[in-house]
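# with the sequence up front, the predicted model follows.
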Amino acid sequence: GYLHTGTEAPEICQACLHPQAHFELLGENW
């Protein structure tokens, strides 16, 4: 998969060209 680091998701996925709505938040609290 494609791992993006930043404060918000990109407009279009660089790996599969899905729109921004396809992204999920990464929860870092276990």
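Nice, thanks for sending it over. Numbers count the residues shown, from 1 in each chain.
# residues in contact with the spatially most central residue of the chain?
Central residue of the chain (CA atoms, centre = their mean): Phe23, 4.2 Å from the mean position. Phe23 sits next to 4, 9, 13 when contact means CB atoms under 8 Å, 6 or more residues apart in numbering. Heads up, the C-betas are built off the backbone N, CA and C, glycines and all.
# apply 6 Å and report the result again.
By CB atoms under 6 Å, 6 or more residues apart in numbering, the residues touching Phe23 are Ala9.
# how close does it sit to Thr5?
13 Å (CB to CB, to the nearest Å).
# how distant is stretch 23-30 from the center of its chain?
10 Å (CA atoms, centre = their mean, to the nearest Å).
# please save the CA atoms from that stretch in PDB.
Presented in PDB, the C-alpha positions along stretch 23-30 are these (Å, rounded to 0.1, in the frame of the first residue of the first chain):
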ATOM      1  CA  PHE A  23      -8.400   7.300   2.800                       C
ATOM      2  CA  GLU A  24      -8.800   6.200   6.400                       C
ATOM      3  CA  LEU A  25      -7.300   7.800   9.500                       C
ATOM      4  CA  LEU A  26      -4.500   5.900  11.200                       C
ATOM      5  CA  GLY A  27      -5.200   5.500  14.900                       C
ATOM      6  CA  GLU A  28      -2.000   5.500  16.900                       C
ATOM      7  CA  ASN A  29      -3.500   4.800  20.300                       C
ATOM      8  CA  TRP A  30      -3.500   1.100  21.100                       C
END
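# pLDDT of it, averaged?
Averaged across stretch 23-30, the pLDDT comes to 81.
# and the closest residue to Pro10 other than its chain neighbours, what element?
Distance criterion CB to CB, 6 or more residues apart in numbering; nearest residue to Pro10, sequence neighbours excluded, is His4 at 6.2 Å. In this structure, His4 is located outside every helix and strand according to DSSP states H and E.
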